[in-house]
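Trainee: No letters, just coordinates:
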């Protein structure tokens, strides 16, 4: 039986048309990790590049067995690229970073210091961004809204430079635009999340692959995460709460109409209000019923699935 390779750190790097940056990035990673005497592997995930990125990755992997590559048949997106890399890592500590040389590998020891302090996720914060204003302003707004809705106070959810304990990645699911919300997903499961300032460099080669549409997709995923984080295992608390409020409101309106009928006799001018009260009552009953049915479905489906808790020690 072959002995499994011992690795201290795994670095997962999604790649999409970054042929001019890959070699230099490898040199910077090697210099940083060799300086602190860490055994490492670098996993490049080619997300359907149309340039020579894969040829560069193959060339590097043939010269250095610490460099590995995964090639997608087409462009599937950053979340899927990260997932493919995460399933291949061998170490207990995993880094992610972009391939465009805007992240600086010399920051890696600072991430490790935070991990050694007991944190499970360390996220980078590009405090001084070398990006155009049309990218910085939407990002600031997105980060502020995400902090507010998620309850996790970070300055920069979009920074791809992050460090994780492997068990974090084994407990969460990533798809769509969820890769930027990994700290939120970890926070929801009780992992400790920290943030450090990192140096951000201006892009030298190529161009950005992201536009404003990513924020729209990100906001949709944020709403989904907020809903699932709070009500995934107790939907009756959401639908039942709103339903009961509607029933009470509808009941109050109908009691008022009944009062008018008993003491004044004429309610024809208030027929629209009467119908509104009936509507609130009916919708409220439906919501309460929907919440109860959702709870029944969850009880039946959660057997044998991933538990909704995270164990730190036994």
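Mentor: Looks like it arrived, so ask away. Here the structure is a predicted model, which is why all the values come from computation and not from measurement.
Trainee: only C-alpha atoms for contact and neighbour calcs from this point on.
Mentor: Will do.
Trainee: What does the pLDDT read for the residue positioned nearest the centre of the chain?
Mentor: For the chain, residue 181 is the residue whose C-alpha lies nearest the centre (C-alpha atoms, centre = their mean; 1.9 Å). For residue 181, the pLDDT comes out at 84.
Trainee: And the nearest residue to residue 51 once chain neighbours are set aside, its phi and psi?
Mentor: Setting aside the residues directly before and after it, residue 51 is nearest to residue 17 in space (C-alpha to C-alpha, 6 or more residues apart in numbering), at 5.5 Å. Residue 17 adopts backbone torsions of phi 60, psi 60, taken as degrees, to the nearest 10.
Trainee: distance of residue 17 from residue 111?
Mentor: As judged by C-alpha to C-alpha, to the nearest Å, residue 17 and residue 111 stand 27 Å apart.
Trainee: got a list of what the residue nearest to the residue nearest to the centre of the chain when sequence neighbours are not counted touches?
Mentor: Excluding its sequence neighbours, the residue lying closest to residue 181 (C-alpha to C-alpha, 6+ apart) is residue 157, at 6.8 Å. Counting by C-alpha atoms under 8 Å, 6 or more residues apart in numbering, residue 157 makes contact with 123, 125, 143, 146, 180, 181, 183.
Trainee: For the stretch 201-314 of the chain, which segments count as strands?
Mentor: Along the stretch 201-314 of the chain, no segments are classed as strands by DSSP state E, counting those that start in this stretch.
Trainee: Quick check: which ranges of it have low pLDDT?
Mentor: When residues are selected by pLDDT under 70, those of the stretch 201-314 of the chain lie in 206-222, 224-233, 298-314.
Trainee: Could you rerun that using 80?
Mentor: 201-238, 264-270, 291, 294-314 (pLDDT under 80).
Trainee: ok, back up a step: distance of the residue nearest to residue 181 relative to residue 183?
Mentor: Counting by C-alpha to C-alpha - residue 157 and residue 183 are separated by 8 Å.
Trainee: Mutual contacts of the two, please.
Mentor: With C-alpha under 8 Å, 6+ apart, residue 157 and residue 183 have common neighbours residue 123.
Trainee: Wasn't residue 195 part of a strand?
Mentor: Yes. Secondary structure assignment places residue 195 in a strand (DSSP: H, G, I helix; E, B strand; the rest coil).
Trainee: so it sits right up against residue 124, yeah?
Mentor: Yes. Here residue 195 reaches residue 124: they are 5.8 Å apart, a contact under C-alpha atoms under 8 Å.
Trainee: I'm done for today, thanks for sticking with me.
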